[in-house]
Structures are given as C-alpha cells and as structure tokens.
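A.B. asks: 3D, please:
(2 chains)
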Amino acid sequence: MPKKASGPKARWTAAQKAERKGPKKPHRGQAASRTEAPAGDRPKRPRAERSPRWDREDPRRGSTPPREDRRRDERAARGDDRPAFRRDDRPARSERPSYQRDDRPARSERPSYQRDDRPARSERPSYQRDDRPARSERPSYQRDDRPARSERPSYQRDDRPARSERPPFRRDDRPAHRPHDERPRRERGDRPVRDYTPRVADPVRRDRHEGRHADRFRDDRFRDDAERPRSFEDAEAERAEADSWTTYRSAAAGGPREVTADNGFAALGVPDLLVERLARDGIAEPFPIQAATIPDALAGRDVLGRGQTGSGKTLAFGLPTIARLADGVRPQPKRPRALVLVPTRELAMQVSDALEPFVHVTGITHRLVAGGLSYEPQIKSLQKGVHLLVATPGRLVDLMERGAVDLGGIEVVILDEADHMADMGFVPEVTAILAAVPQGGQRLLFSATLDKGVDALVEKYLVDPVTHSTDDAQASITTMSHHVLLVDPHNKKQLTAELAGRDGRSVIFARTQLGVERIAGELRDRGVLAAGLHGGLTQNVRNRVLGAFRDGKVPVLVATDVAARGIHVDDIGMVIQVDPPTDHKDYLHRAGRTARAGEQGAVVMIALPHQRKIVTRIIENAGAEAQTTRVLPGDATVLGMGGKVPAGVPVPDSVWRPIIEGSPTKGRRGGPPRRGAPAGGRPQRSQGSSPRSGRPSGRGGRMGA
DNA sequence: AAAAAAC
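C.D. replies: Residues are numbered from 1 along each chain as shown, chains lettered A, B, ... in the order given. Now for the predicted structure:
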C-alpha cells in the first residue's frame, strides 16, 4: 500500500482511485460491503461461532440476525478480524448512538448514572432520581456525606427531644463542653501550675473554710485587709498557721466536711478543682508516694514511683495526668490523649472508678478498655473522642488492630504494676503499645515492687526519669503481722477452713485455677461461704464474685494471683496463702490486700513441713518478719488468730449459687452448669473439665502443693 | 512455673 509520497506531490488518476477503492477497503461511512452480499447467500456459520446473544432464541427478533451480527458475518467472510471500532463499515460517528462513539470513558470510569444499566427512574430511590436540588441547596441532613447514624455522636442523631425537653445535663452547654475561650477563666483548667499554689494566706478564705464567721463572710470580702497586698513574711506566717490548721482538720475528720482547697495537695500544685474534689471525700493530706511524685509528674517528667501496697499510687499518677488533660484541648476521634495500662481487668475497672470523680469534675472524659466486655461501647466512645484510656493490654492491641483506636495522640502513658507489665507474658503487647505511642511523651511507671525488671522498658521508652521510692517507711509492713503456720498435709483443709471461718473478710490465695475452684468448694462444703475468682471464669462471673465480696455478701474470696495486685477491698482482715507465692514480690502483693491505708491485718502462710524452707526465704526476701508456728486444727494459735471451727454443714447451693451466677435468665443456657466448672471466658485457655464434678467431700488429696 | 492478657 503506497504511502503518501514525501517528494513532489503525486496525484491519483480517477482510474487509479477507482481501482484502489474496490471492495477490499471501503471508505468509512460508505459502507459498500454492507449491501454487497445478501444475508441469505452467505454460508451459515457453525452454531458455536454465532453470537451467544443470538443463540438465545428471542421470539421478538424473527429469523433475520440483527445488523451487528450480519456485519460480523460479513467481516468474517472477508477475513477481517479487526475490532469493531477499527472497522470502516460503521455508520458515521455522528450517526451512531452516543454509546457507540468510542470516546466515552470505560464503563468502570463513568459515573454510575452513565452506565446504562440503572433501573428506570421510577424504580430508583428518591436520592437517585437526579432531580433533587443542588447539594448546596439541600439541608445539611440531605447532603449524603455525614457519617452513618451509628457513627455520629448522640446529639447529631436527629431523634433526641428538643433542648427544652432535655434534662439540664443533656443540654450540651455545660461549662466543660463550652468552647474553651468562652468559658470563664476559673473553668478553663489551663492556668499554669503555679496558679494553683495554696491560697491559705487569704484570711477571708480561711474564715470560710473554718466555718466560722459565716455571716460575716460577705462583708469580709470587701474588708481592706483582705485586699491589701501581703508581704512575703506575712504570707509565710499565714501559711504556717494554715498548715497547722489543716493538720488539725484532717485529724478531726468525721461528720460533714468543709470543701476546701487549702491542703497538702494544693501545695503540691494539684489544680483547685481536684483539690476540692479530694477534700469532699475527706482526703486532705497526700500519702508519701503522692507527695513525692505529684510535683514531678505535674512538671511533665518521667517518673518511676515505688510505694507500698495500698499507699495511693492510683491518685499519684491519676491526679497529675488529669490535671494535664484538663487544658481545654479536646481529643480527636479515636485519638485518646493519655493511657493507663494495667495487668488485670478488675484492676482496670478499679482504676477507672477511682479516677472517675476527678475526671468528672474537670469535664474531661475517660474510658475503660478491657477484655470480656462488649466491644461496642468501647469502640463508640473511642470514635467520639476520649481523653483518658484505662486499658488492659490484650483488648487495647485488639482495638488497635481493628483500627478503632489510634495511639498517635497519646501524651502520657502510665504503666501501673509496671514490673508485672514488664514480665515475659506481657512484653509483646506492652511493647506493641509503647511503639505505637509518639516518642517524647510523658511516662509514669508505678509499682510496689518496681525493680530491675523494668530496666529494659525504662532504657527504651523513658527520658531522664526521676525515681521516687517510699518503701523505707515500711508503712504497710508494720501494720501487718506475718505468720507461717506449719501443718501436716492431712490437717491442711481443716486448718484452712478454720482460718477462713473467722469473722470478717479474708482472701485466700492459691496457685492455680483448679486449686481455687477446689478450695472454694471444700470451704462451702464445710459451711464457709466462699467464692472463687480466677481468669478462667467469664467476666460476668468475675464481676459478680468480686462485687459480692466487696458488698460483704461473701466473706471469703479464694483467688489466683489475678487478685494479688492492686485490688482494693476495705477491711480485709486476713490474707491466707494455701500455696506459697512464686517469689517475694508476689508475696508482698498478696499480703498487700490486707492492712490497706494504715489498717491492721494478718498475713498467714500455710506451709507443709517440706515447704518451710522456701516459704521462710520468700518472706525474708520480702523484708517481713514472720513467726513460724507448728499448728493443729483448733489449737490455741489458730483460735488466737480469730480462727473458728466452721459448722460443717455445707452451704446450700441456693445460698451461694445466686450470688456467684446471678439471675437465671442471664446465666448460661442449657440447664445448670456443672458445679465449679470454669465458665470459660476464653475457650482456648479455660480448663477442660470440672476440677470437682462429683461430690467435693468425696475427693481426697491435699490442699495446695 | 502459673497466671494474666483478645475474639
């Protein structure tokens, strides 16, 4: 085929043109070939070659193949297998329907309404009929770009009652929720720390706090000397006076209390709002660990805090963190600003509850994130935005993987029971979490037994930490008495029952989940109302058991080390250990369930003769001094410690089962559960079968070991 | 070495 000559212009003669045209290569649009051969003359193609569409017998089409098919046949006859859009036998472009002009984007590129396959207009939902007003003309709720209803905060779901119908706390204009700069300065919570220095030197305030001169108060405000600038000496003198006064006030605690901001917490730099909230609970003076760590924590430093069990560590890290979060900066969705990591779910709940009043009073938000609880509330409040997260590691990592939380906004991380969180079992999750947190944020590590175990974490994630250790005071150790009771194996169950049968609350620690179940059952069989607590139970049961113990419905809690750390229950008079703890740290934590915050308490180690050595060494390492006594059930030593010989009549199922299992409607389906069988919150780890499915008293074996 | 920590 001659190409266009590049030299002097050659022109075709008419004959040449006519020859060239021929049937071989007709011009586009001329469609010579279309009329060339009548359909009937062509050989019939084998069935397989025909258009599949045509093969479907459509009665409407009659016997003549449609035009396209005819064309294809003609092309095939010519041996022309070029694609349709390259062929020259189609009608002129302008003659063809728009969808055959070959210049529209591929179907997948076209907007849905140009794909030619949408249902008829009347079949389409109203928002797809293309006749609604322009987006900008439509009301906001018809713009189709707001998040799904379930994703929106409650106040944007369009179904709440009118503002005037709602209770005041749902009207969304409470101080904490007003934009930061519209709030009065007093409520902004962004004043620098030094603004929180005690105002004890103000005589007007002092009068008010003392409750004297109540009727003079208004006048006093305008007294000259109340306004007069004070000299440094004046201030110091008045501060000293006020200090002695606060001491007096807290010593004389009891009865309705004045709400005052002038106490030891204010002196540490704790914001007024928090100090006042503390005072409302009668908490006026910080514990040593709080006094030691709060100023550094408020200053933003990394802190390692080691304080006795029951010495108020939760507030030591909680107050400075809350103070920091109360700066008016609202968290973005899914991006909490601070994180408290704890090793057990119960402790997470306790920490969350303990911080609640202070979170509330500062108008910030916090959220418990732990396993065994439903995902939805946790995910929803994360989505909504929350300042402070109190979490167990497993669930938090889970939520990270689900994309429900982004730790990129975390400013403060607290590891409660930090040495435990640095244990092998926790390390993968804890490091995953710490790696997801921005570097350079504040880190607070607390534990009663903070030791070298955290060194690796400290090295990697902390910057110039300051260590505060207050154990030399040995506060809890001294209000606690330690005993080793040596007993022969065949007497161990009876001895345990007698100690547990004492008046008041006791906790019994055993080594394994099976041990817990067995001991709790054996105690009930001897007439002591006891309930087991361990990680093999559903969270429901765990909550109920701990709740019943806290409420006093069950006086004896039998637990694994799940309850060894941090769990606070008032007035536990005795800790009984039927299995020796792993090490001196576990001993201290178990022991620390009693003698909380200055109370008295006894720690009893029940040891078989062969355990004497190991047990003595553990207690020695713990820094305690124990009395070792050989005992028989019912002897003077046991009774002298408050032990009582139990009735020996089994506690009826009807008494203990409802306490532990709750209402039958909420319990497991399919009839009563096997007695004592762990409910299996985590199937892969729960114990396969009941440790004591038969009559418990019919089983031999020692307790423990 | 057990327990804890996610479904």
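
A.B. asks: Report the rounded mean pLDDT for the helix or strand A:Pro295 falls within.
C.D. replies: For A:Pro295, the element it lies in under DSSP states H and E is helix A:288-298. When pLDDT is averaged over helix A:288-298, the result is 96.

A.B. asks: next one: stretch A:573-590
C.D. replies: The model assigns stretch A:573-590 a mean pLDDT of 96.

A.B. asks: how about it: buried residues?
C.D. replies: Neighbour-count burial for stretch A:573-590, counted by 16 or more other CB atoms under 10 Å, picks out A:573-581, A:584-590. Placement of C-beta: from N, CA and C, glycine included.

A.B. asks: which stretches of the stretch 551-700 of chain A form helices?
C.D. replies: A:584-591, A:612-621, A:636-640, A:653-661 (DSSP state H, counting those that start in this stretch).

A.B. asks: which residues are contacting the longest one?
C.D. replies: So that's helix A:612-621. By CB atoms under 8 Å, 6 or more residues apart in numbering, the residues outside helix A:612-621 that reach it are A:482, A:484, A:486, A:580-581, A:583-584, A:587, A:605, A:607, A:625-626, A:628.

A.B. asks: Quick check: what element follows the helix holding A:Pro295 along the chain?
C.D. replies: Per DSSP H and E, the helix or strand that comes after helix A:288-298 is strand A:303-306.

A.B. asks: Name the residues of stretch A:629-648 that are buried.
C.D. replies: A:629, A:631, A:633, A:638, A:641-644, A:646.

A.B. asks: Now render these as CSV, adding pLDDT and distance to DNA strand B.
C.D. replies: Formatted as CSV, these follow (pLDDT from 0 to 100; distance: CB to the nearest atom of the strand, whole Å):
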residue, pLDDT, distance to DNA strand B
A:Thr629, 96, 27
A:Val631, 97, 27
A:Pro633, 96, 26
A:Val638, 97, 27
A:Met641, 95, 27
A:Gly642, 96, 27
A:Gly643, 96, 27
A:Lys644, 96, 28
A:Pro646, 95, 26
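
A.B. asks: any idea which of those residues is the one closest to A:Leu462?
C.D. replies: A:Met641 (43.8 Å; CB to CB).

A.B. asks: Just give the number of residues close to the spatially closest residue to the closest one that is not a sequence neighbour.
C.D. replies: Leaving aside its chain neighbours, A:Met641 sits nearest to A:Ala602 (6.3 Å; criterion: CB to CB, 6 or more residues apart in numbering). For A:Ala602, the neighbour count with other CB atoms under 10 Å is 21.

A.B. asks: Tell me the spacing between A:Ala602 and A:Gly592.
C.D. replies: Distance, A:Ala602 to A:Gly592, by CB to CB, to the nearest Å: 13 Å.

A.B. asks: got it, and A:Ala299?
C.D. replies: A:Ala299 is 29 Å from A:Gly592, by CB to CB.

A.B. asks: who's more crowded, the two?
C.D. replies: Set side by side, A:Ala299 and A:Gly592 give different neighbour counts by other CB under 10 Å, the larger being at A:Gly592 (27 against 13).

A.B. asks: contacting residues for that one?
C.D. replies: A:308-310, A:448, A:476.

A.B. asks: what about it, distance to A:Ala531?
C.D. replies: 21 Å.

A.B. asks: any weak-confidence spans in the stretch 351-500 of chain A?
C.D. replies: Residues of the stretch 351-500 of chain A that meet the criterion pLDDT under 70 lie in A:471-478.

A.B. asks: try 90 this time
C.D. replies: A:470-480 (pLDDT under 90).

A.B. asks: hang on, the earlier thing: from the contacts of A:Gly592, pick the one nearest DNA strand B.
C.D. replies: A:Ala448 (16.6 Å; CB to the nearest atom of the strand).

A.B. asks: which residue sits closest to that closest one, ignoring its sequence neighbours?
C.D. replies: A:Thr309 (4.6 Å).

A.B. asks: Verify the stated contact: that neighbour with A:Leu588.
C.D. replies: Yes: taking contacts as CB atoms under 8 Å, A:Thr309 lies within contact range of A:Leu588: 6.6 Å.

A.B. asks: Overlap in contacts, these two.
C.D. replies: In contact with both A:Thr309 and A:Leu588: A:Ala448, using CB under 8 Å, 6+ apart.

A.B. asks: Which is the succeeding secondary structure element to the helix or strand harbouring A:Asp419?
C.D. replies: For A:Asp419, the element it lies in under DSSP H and E is helix A:418-421. Using DSSP H and E, the helix or strand that follows helix A:418-421 in sequence is helix A:427-436.

A.B. asks: List the buried residues of that following helix.
C.D. replies: A:429-431, A:433-434, A:436.

A.B. asks: so which of those comes closest to DNA strand B?
C.D. replies: Checking the buried residues of helix A:427-436 against DNA strand B by CB to the nearest atom of the strand gives A:Glu429 as the nearest, at 6.6 Å.

A.B. asks: Excluding covalently adjacent residues, which one is nearest to that closest one?
C.D. replies: Per CB to CB, 6+ apart, closest to A:Glu429 is A:Pro393, 3.7 Å.

A.B. asks: unless I'm mixing things up, that neighbour is touching A:Met421, no?
C.D. replies: Yes: assessed by CB under 8 Å, A:Pro393 is found in contact with A:Met421 at 7.5 Å.

A.B. asks: so which of the contacts of A:Gly592 is the most crowded?
C.D. replies: In terms of neighbour count, A:Thr309 stands highest of the contacts of A:Gly592 at 27 neighbours, by other CB under 10 Å.
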